[in-house]
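Trainee: what would the 3D arrangement of this be:
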Amino acid sequence: ITMPNKTEKSDQEGQGCLSAEQYKVMRQHGTEHPFSGKYTDCKTEGTYICAGCGKDLFASDTKFDSGTGWPSYFQPINETAIEETHDNSLGITRVEVHCSNCGSHLGHVFPDGPQPSGLRYCINSISLDLKEKK
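Mentor: Residues are numbered from 1 along each chain as shown. Take a look at the predicted model:
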């Protein structure tokens, strides 16, 4: 699915609007240390959005405690919110998750989550902002 109003930023533009830590994770495919992210234990209701472009990504009612040290969700907010690619950077095949609008690296998805999806979207807090429910 092609996003008609997709946000495209050069590497230099991305570097200008992200903190050094965000740039490392979101543009260079890094990761936060486990249990260090601001949303790991967050229970606030709302919508988690991309810190790079503001696109809605995950609803708080799909968040669960996976015990892994990263915020985890069993499904994205809709089928067009994220895109997936194969990541072989650690010598194993993982499925990388990124924002379908701006391409920012969010984390990875694993097949060991709860029902109804059976998936665990393991996401870096630094790649997200929370739009609190009013």
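
Trainee: what about the helices in this protein?
Mentor: 11-17, 20-26 (DSSP state H).

Trainee: worst average pLDDT in those helices?
Mentor: Comparing mean pLDDT across the helices of the chain, the weakest is helix 11-17, with a mean of 52.

Trainee: so for the chain, the centremost residue is which one?
Mentor: Nearest to the mean C-alpha position of the chain, by Cα atoms, centre = their mean, lies Leu106 at 3.0 Å.

Trainee: I figured that one hits Ile123, correct?
Mentor: Yes: counting by Cβ atoms under 8 Å, Leu106 does reach Ile123; the two are 5.1 Å apart. Just so you know, the C-beta spots here come from the backbone N, C-alpha and C atoms, and that holds for glycine as well.

Trainee: which parts of the chain are strands?
Mentor: Secondary structure of the chain by DSSP state E: the strands cover 46-50, 56-59, 63-64, 72-73, 82-87, 94-99, 105-110, 120-123, 128-132.

Trainee: the fifth one to strand 46-50, inter-axis angle?
Mentor: This means strand 82-87. 50 degrees (axes from the mean of the first three to the mean of the last three Cα atoms, to 10 degrees).

Trainee: so what touches strand 82-87?
Mentor: Residues lying outside strand 82-87 but in contact with it, judged by Cβ atoms under 8 Å, 6 or more residues apart in numbering, are 29, 57, 76, 93-100, 103, 106, 108-109, 121.

Trainee: neighbours of Gly46, just the number please.
Mentor: 16 (other Cβ atoms under 10 Å).

Trainee: list the contacts for it?
Mentor: Ser60, Leu130, Lys131, Glu132, Lys133.

Trainee: and the residue lying closest to Ser66 once chain neighbours are set aside, how close does it get to Ser125?
Mentor: Among residues not flanking Ser66 along the chain, Ser72 sits closest, at 3.8 Å (Cβ to Cβ, 6 or more residues apart in numbering). Distance, Ser72 to Ser125, using Cβ to Cβ, to the nearest Å: 11 Å.

Trainee: so those two - more neighbours on which side?
Mentor: Ser72 (25 against 20).

Trainee: quick check: beta-bridge partners of that one?
Mentor: On the basis of DSSP bridges, Ser72 is bridged to Phe64, Cys122.
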